[in-house]
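Asker: got a predicted structure plus its sequence, pasted below:
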Amino acid sequence: MADRNSVLASVLGLWARDFRVLRRDWLPFTLRTVMNPVLTVFVFTYVLPRTGQHLPVAAGASSLATVLVPGLVAVAMVFTSIAAVALPLSIELGATREIEDRVLAPIPLATVPLAKVAFGAFQGALAGAVIFPIITALPATAVHIRVASWPMLALMLVLASWTAASLGLFLGTVVRPQHIGLMFAVILTPIMFLGCVYYPWASLSSIRWLQVFVLVNPLVYMSEGLRIALTPDVPHMGPVMVIGMLGLLATLLTTAAVRAFAKRVVV
Amino acid sequence: MTIAVQLRDLRKVYDGPPPVTALDGVSLDVPAGMIYGILGPNGAGKTTAIGICTTKVRATGGSASVAGLDVAQHPVGVRRHIGIASQAITLDRSCSVGDNLYYHCRYFALPLAECRRRTEELLQRFGIADRRDSMPAQLSGGLAQRVQLARAIAHRPTVLFLDEPTAGLDPQTRLALWELVDTLRNEGLTVVLTTHYMEEADRLCDRVAVVDHGRVLAEGTPAELKRDNGGTVVINAAFAGDRQAARAALEGLPGVTEVVETERGLRVLVSLDGGAVPRVVSRIAEHHLTDLTVAEPSLETVFIRLTGRDLRG
């Protein structure tokens, strides 16, 4: 068996390569991360209020901007993590078989996909950190943010980006390059619109079937978890539910994705 | 004699539908320090055999070991010992030529300073130092293959697997690659290469296994193979006259070992000695001959003799 030090050295090599590519592609990374949340905040909390069109706000929330901040941080993390893993992986596993050189490194087979998830999660957390100051500063209306729980915030950054990156690994492994556009339409769009980004989960109680249905969506727990940490006055799920479900989803997705990856690379 | 690669009754069936038997009981011993050729047409099972040796394909039955390690039980250890370059260019498209070599060394956990030193050494040695900052997509096929070869040996493997390394390259580039591979063997590396170019197997390889339909048909040095397969000359004749009559006239002539009908005429296998070739040619000439080729004993004629088909067929 490979000894632990040499596996660690190989993993550092895998990350060094990914970091080099990320550093060169910093502009696409930033655009991908910033576009959606900034435009959402701009339209909902600047354009609409300024034009006299106020959207109703959930009970307990002081402003729509306050509701949006945790949700949009979650969106940025999810989209960045998924894209960071799924888009390159789909190509590398495809016709060019570029992944081969890394798969044939002297390390256990699961190391390569797990290193991808870790690096994707790092990019997701980075995206959350980049977007947070922008969307709290931008709205025309007041944003009421205070970090109610640092441990919860840290845990959410880790759990949310890990879950999203493992979903990215799964999608990048099973979706063919020619279907990547379809993946965004069929999987990512519903995740975003039904992810309790624009409304807290509690407010869905008036549409009971939807409130139950969205529980399969990992973004729901990310948005709600960040509400616990950042906007405790807005109604939110309990922390046990959030942490438990994210932990469960992340574990299931990682296991399924690593298996699918192994099946693709060793026939 | 040390055995670098050992295959025992190796089988591989790809799940269908329909299931495809790629290897049907292959046993081979590749002695260390040799260039060993696996010669066969497309679909013979060559790439599958290499895939199993390089831990990319799981065998359905039998066993394979590389550098004394069973590939199924010790895939990580095997990967430390092997280098791979295939016909398809699998260079990392997101990294420059230099970075492809550097990060390859990093994946193999070489110390950082050694990764830099080795990258520089390989860039110089393979004559690609001026392309260190080029991206793989900018390289010609021959140059990309050169980079792949440099990458394959960067971590100093003991066995190098080359899967159709010269397919699609022009003759000059092919010769240059042969030279490189030859040098690597002289430095002590064991090289296993698959090819469907009989000239490549003949000129480059110390030993050759002829495979078809997932089986080994013959194995030995190129000289042995040619000798043991009767020093056969293959005469391909196309003619306008009656094929049956021509065939009847040829069969039974001294030196003629086999007559096969082809699309345009006949293929006659003739033993090298005893003046049989002129006899056959003059006999066919009576049947409105339109075209005639005579192939000297080569691995190609060995292959035709063993399978009844030519390599490109």
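Answerer: Good, I have the coordinates. Numbering: from 1, shown residues only, chains lettered A, B, ... in the order given.
Asker: please make it C-alpha for all contacts and neighbour counts, starting now.
Answerer: Fine.
Asker: contacting residues around residue A:190?
Answerer: Not one residue lies near residue A:190 by C-alpha atoms under 8 Å, 6 or more residues apart in numbering or on different chains.
Asker: so which bits of the helix or strand where it lies are buried?
Answerer: Remark: residue A:190 resides in helix A:189-193, with elements defined by DSSP states H and E. By neighbour count on 16 or more other C-alpha atoms under 10 Å in any protein chain shown, the buried set for helix A:189-193 is A:191, A:192.
Asker: show me the helices in chain B, by range?
Answerer: Remark: helices assigned in chain B by DSSP state H are B:46-53, B:75-81, B:97-107, B:112-125, B:141-153, B:171-186, B:198-204, B:222-228, B:243-250, B:276-285, B:299-307.
Asker: can you show me the CA trace of the fifth one as PDB?
Answerer: Yep, that's helix B:141-153 we're talking about. Extracted C-alpha coordinates of helix B:141-153, given in PDB (Å, rounded to 0.1, in the frame of the first residue of the first chain):
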ATOM      1  CA  GLY B 141       0.800  15.000 -33.400                       C
ATOM      2  CA  GLY B 142       4.500  14.000 -33.400                       C
ATOM      3  CA  LEU B 143       5.500  16.700 -30.900                       C
ATOM      4  CA  ALA B 144       2.600  15.900 -28.600                       C
ATOM      5  CA  GLN B 145       3.600  12.200 -28.700                       C
ATOM      6  CA  ARG B 146       7.100  13.200 -27.800                       C
ATOM      7  CA  VAL B 147       5.800  15.100 -24.800                       C
ATOM      8  CA  GLN B 148       3.800  12.100 -23.800                       C
ATOM      9  CA  LEU B 149       6.800   9.900 -24.000                       C
ATOM     10  CA  ALA B 150       8.800  12.300 -21.800                       C
ATOM     11  CA  ARG B 151       5.900  12.400 -19.300                       C
ATOM     12  CA  ALA B 152       5.700   8.600 -19.300                       C
ATOM     13  CA  ILE B 153       9.300   8.200 -18.200                       C
END
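Asker: what's the mean pLDDT across it?
Answerer: Taken as a whole, helix B:141-153 carries a mean pLDDT of 92.
Asker: can you redo the helices of chain B as JSON lines with distance to chain A?
Answerer: Formatted as JSON lines, those follow (distance: least, C-alpha to the nearest C-alpha, whole Å):
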{"stretch": "helix B:46-53", "distance to chain A": "9"}
{"stretch": "helix B:75-81", "distance to chain A": "5"}
{"stretch": "helix B:97-107", "distance to chain A": "4"}
{"stretch": "helix B:112-125", "distance to chain A": "10"}
{"stretch": "helix B:141-153", "distance to chain A": "9"}
{"stretch": "helix B:171-186", "distance to chain A": "20"}
{"stretch": "helix B:198-204", "distance to chain A": "26"}
{"stretch": "helix B:222-228", "distance to chain A": "32"}
{"stretch": "helix B:243-250", "distance to chain A": "47"}
{"stretch": "helix B:276-285", "distance to chain A": "49"}
{"stretch": "helix B:299-307", "distance to chain A": "29"}
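Asker: any idea which of those is most buried?
Answerer: For the helices of chain B, average neighbour numbers computed from mean count of other C-alpha atoms under 10 Å in any protein chain shown are highest in helix B:97-107, which has a mean of 26.
Asker: pLDDT on that helix, on average?
Answerer: The average pLDDT within helix B:97-107 is 97.
Asker: who are the packing partners of that helix?
Answerer: When contacts are defined as 3 or more C-alpha pairs under 8 Å, 6 or more residues apart in numbering or on different chains; DSSP states H and E, helix B:97-107 packs onto helix A:4-24, helix A:100-103, helix B:112-125, helix B:141-153.
Asker: just send those helices back as CSV, with distance to residue A:40 too.
Answerer: What follows is the helices and strands packed on helix B:97-107, written out as CSV (distance: least, C-alpha to C-alpha, whole Å):
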stretch, distance to residue A:40
helix A:4-24, 25
helix A:100-103, 39
helix B:112-125, 45
helix B:141-153, 45
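Asker: and the gap between the residue nearest to residue A:30 when sequence neighbours are not counted and chain B?
Answerer: Nearest residue to residue A:30, sequence neighbours excluded (C-alpha to C-alpha, 6 or more residues apart in numbering or on different chains): residue A:127, at 7.9 Å. Counting by C-alpha to the nearest C-alpha, to the nearest Å, the separation of residue A:127 from chain B is 22 Å.
Asker: per-residue confidence for residue A:127?
Answerer: On the pLDDT scale, residue A:127 gets 87.
Asker: list the buried residues of the helix or strand containing it.
Answerer: Using DSSP H and E, residue A:127 sits within helix A:111-137. By neighbour count with 16+ other C-alpha under 10 Å, helix A:111-137 contains the buried residues A:111-128, A:130-132, A:135-136.
Asker: which other helices and strands contact the helix or strand bottoming out on mean pLDDT in chain A?
Answerer: Least confident helix or strand of chain A, by mean pLDDT, DSSP states H and E, is helix A:48-50 with a mean of 79. Applying 3+ C-alpha pairs under 8 Å, 6+ apart, one finds that helix A:48-50 contacts no other helix or strand.
Asker: ok, then the element right after it?
Answerer: That would be, after helix A:48-50 and using DSSP H and E, helix A:64-92.
Asker: run the chain-centre distance for that following helix.
Answerer: Mean-position distance between helix A:64-92 and its chain equals 4 Å (C-alpha atoms, centre = their mean, to the nearest Å).
Asker: mind checking the SS state of the closest residue to residue A:83 other than its chain neighbours?
Answerer: Using C-alpha to C-alpha, 6+ apart and skipping the chain neighbours, the partner closest in space to residue A:83 is residue A:168 (6.6 Å). Classification of residue A:168 using DSSP: H, G, I helix; E, B strand; the rest coil returns helix.
Asker: next, count neighbours for residue A:168.
Answerer: Using other C-alpha atoms under 10 Å in any protein chain shown, residue A:168 is surrounded by 30 other residues.
Asker: show me what contacts the closest residue to residue B:112 other than its chain neighbours?
Answerer: Excluding its sequence neighbours, the residue lying closest to residue B:112 (C-alpha to C-alpha, 6+ apart) is residue B:106, at 7.3 Å. Going by C-alpha under 8 Å, 6+ apart, residue B:106 touches A:9, A:10, A:12, A:13, A:14, B:112, B:115.
Asker: which of those residues tops the neighbour count?
Answerer: Within these, neighbour counts (other C-alpha under 10 Å) peak at residue A:10, which reaches 27 neighbours.
Asker: could you measure from it over to chain B?
Answerer: Using C-alpha to the nearest C-alpha, residue A:10 is found at 4 Å from chain B.
Asker: likewise for residue A:183?
Answerer: 23 Å.
Asker: before we move on, what about residue A:207?
Answerer: Residue A:207 is 47 Å from chain B, by C-alpha to the nearest C-alpha.
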